[in-house]
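**Student:** Quick one: sequence plus predicted model below, questions after.
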Amino acid sequence: MTATPLPFQEQLRQRTLTYGTRLCLGLDPRLDAYRDVAHLREHTLDVLEACAGLVACVKPQLAFYEVLGPSGYPLLQEVCALARTLGLPVLLDGKRGDIGSTAQAYAQAWLSGPHAGSALTINAYLGWETLTPFVEVARAHGGGVFVLVRTSNPGSADLQQSGVAEKVAAQVAQLGQEEDGDLSCVGAVVGATHPEELEHFRALMPKATLLLPGLGAQGARASDLAPAFLPGGVGAVVSASRGIQYVQGLDVRASMEAARNFRNELNAALTT
């Protein structure tokens with residue numbers, strides 16, 4: 001009899017506690033860095049395998065696979081399959097959000113079938129109803145969603161200030177209250193580049209796992225991120241992409257060292 005997989009947020013928590021890591025490996029393969037797609041594939045998979053023991057999950061950014069055309073989706077499937085073989089939860093960064101049957105199709109595409117049990121980043125710009133298909137499919141398949149609340153890019157202030165981010169956070173919190181347990185399958189994206197706001201958003205979403213992008217190339221510092229975590233150092237994961245995959249060109253050993261350093265810096269931030 002096949003055991004029921006743990007929900008995504010529980011997989012993440014167990015990996016955090018077992019391996020002592022709060023780091024998310026972003027895999028954003030950029031074609032212009034390689035000789036060809038075969039070279040891109042080899043390096044991307046090598047980085048994943050080298051860093052697997054140092055990270056809590058892996059986050060492929062869908063755009064970098066979509067831009068490869070017909071070769072992109074098979075590569076994404078390989079990345080997901082290798083990650084699962086290595087025991088890594090997969091968080092797909094697609095920022096999807098739409099209405100009705102289109103939202104349902106996106107949810108089924110990325111949170112069921114070959115991606116069952118994965119998580120997906122989503123946005124609520126079209127209204128709260130757009131979240132429902134994603135949340136329902138995630139709950140049905142043991143997956144998770146991360147709603148964009150306060151993103152890491154400099155232009156986020158154009159739309160996310162004046163209480164807008166707080167409104168989205170309130171909806172995330174409400175969805176979380178519908179579930180038993182101390183962590184919901186409905187998480188939130190809160191940029192690590194806004195360290196002064198982390199305590200605020202942590203308090204607004206007490207059951208949400210927070211995805212904190214921006215470590216490394218975007219300038220966020222691990223030492224500033226402790227307020228995002230729940231007691232015991234769980235409930236948040238910090239992503240770095242370029243700062244690991246391309247820290248020294250295509251040097252895989254350098255990528256592994258960068259991941260180790262980020263992991264250690266995050267752990268140190270939680271013990272000071």
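**Tutor:** Good, I have the coordinates.
**Student:** what's next to the helix or strand of the chain with the lowest mean pLDDT, contact-wise?
**Tutor:** Every helix and strand of the chain was ranked by mean pLDDT, DSSP states H and E. The lowest is helix 157-160, at a mean of 75. Helix 157-160 has contacts (CB atoms under 8 Å, 6 or more residues apart in numbering) with 149-151. Where C-beta positions appear, they are placed from N, C-alpha and C, glycine not excepted.
**Student:** what about the helices in the stretch 51-200 of the chain?
**Tutor:** For the stretch 51-200 of the chain, the helices defined by DSSP state H, counting those that start in this stretch occupy 62-66, 72-85, 100-111, 131-141, 157-160, 164-177, 198-204.
**Student:** Out of these, which gets the lowest mean score?
**Tutor:** For the helices of the stretch 51-200 of the chain, mean pLDDT drops lowest on helix 157-160, to a mean of 75.
**Student:** which one of the contacts of helix 157-160 is nearest Gln61?
**Tutor:** Closest to Gln61 out of the contacts of helix 157-160 is Thr151 (13.4 Å), distances taken as CB to CB.
**Student:** now the closest one, nearest residue through space, not along the chain?
**Tutor:** Gly191 (5.4 Å; CB to CB, 6 or more residues apart in numbering).
**Student:** what's the answer for Arg260, then?
**Tutor:** Leu54 (5.4 Å).
**Student:** Look up how far Tyr246 lies from the one you found.
**Tutor:** Distance, Leu54 to Tyr246, by CB to CB, to the nearest Å: 17 Å.
**Student:** Surely Leu212 forms part of a helix?
**Tutor:** No. Counting by DSSP: H, G, I helix; E, B strand; the rest coil, Leu212 is not part of a helix but strand.
**Student:** does it have beta-bridge partners, and which?
**Tutor:** Val238 (DSSP bridges).
**Student:** Could you do Val145 as well?
**Tutor:** Leu120, Val186.
**Student:** In the protein, where's the longest helix?
**Tutor:** helix 252-269 (DSSP state H).
**Student:** Any buried residues in that helix, and which?
**Tutor:** 252, 255-263, 265-266, 269 (16 or more other CB atoms under 10 Å).
**Student:** swap in stretch 38-53?
**Tutor:** Neighbour-count burial for stretch 38-53 flags 40-41, 43-45, 47-48, 50-52 (criterion: 16+ other CB under 10 Å).
**Student:** could those be laid out in JSON lines, adding pLDDT and distance to Gly176?
**Tutor:** Converted to JSON lines, these look like this (pLDDT from 0 to 100; distance: CB to CB, whole Å):
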{"residue": "Leu40", "pLDDT": "98", "distance to Gly176": "38"}
{"residue": "Arg41", "pLDDT": "98", "distance to Gly176": "38"}
{"residue": "His43", "pLDDT": "98", "distance to Gly176": "38"}
{"residue": "Thr44", "pLDDT": "98", "distance to Gly176": "33"}
{"residue": "Leu45", "pLDDT": "98", "distance to Gly176": "35"}
{"residue": "Val47", "pLDDT": "98", "distance to Gly176": "33"}
{"residue": "Leu48", "pLDDT": "98", "distance to Gly176": "30"}
{"residue": "Ala50", "pLDDT": "98", "distance to Gly176": "35"}
{"residue": "Cys51", "pLDDT": "98", "distance to Gly176": "30"}
{"residue": "Ala52", "pLDDT": "98", "distance to Gly176": "29"}
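**Student:** Sort out for me which of the residues you listed are in helices.
**Tutor:** Judged by DSSP H, helices contain the following of the buried residues of stretch 38-53: 40-41, 43-45, 47-48, 50-51.
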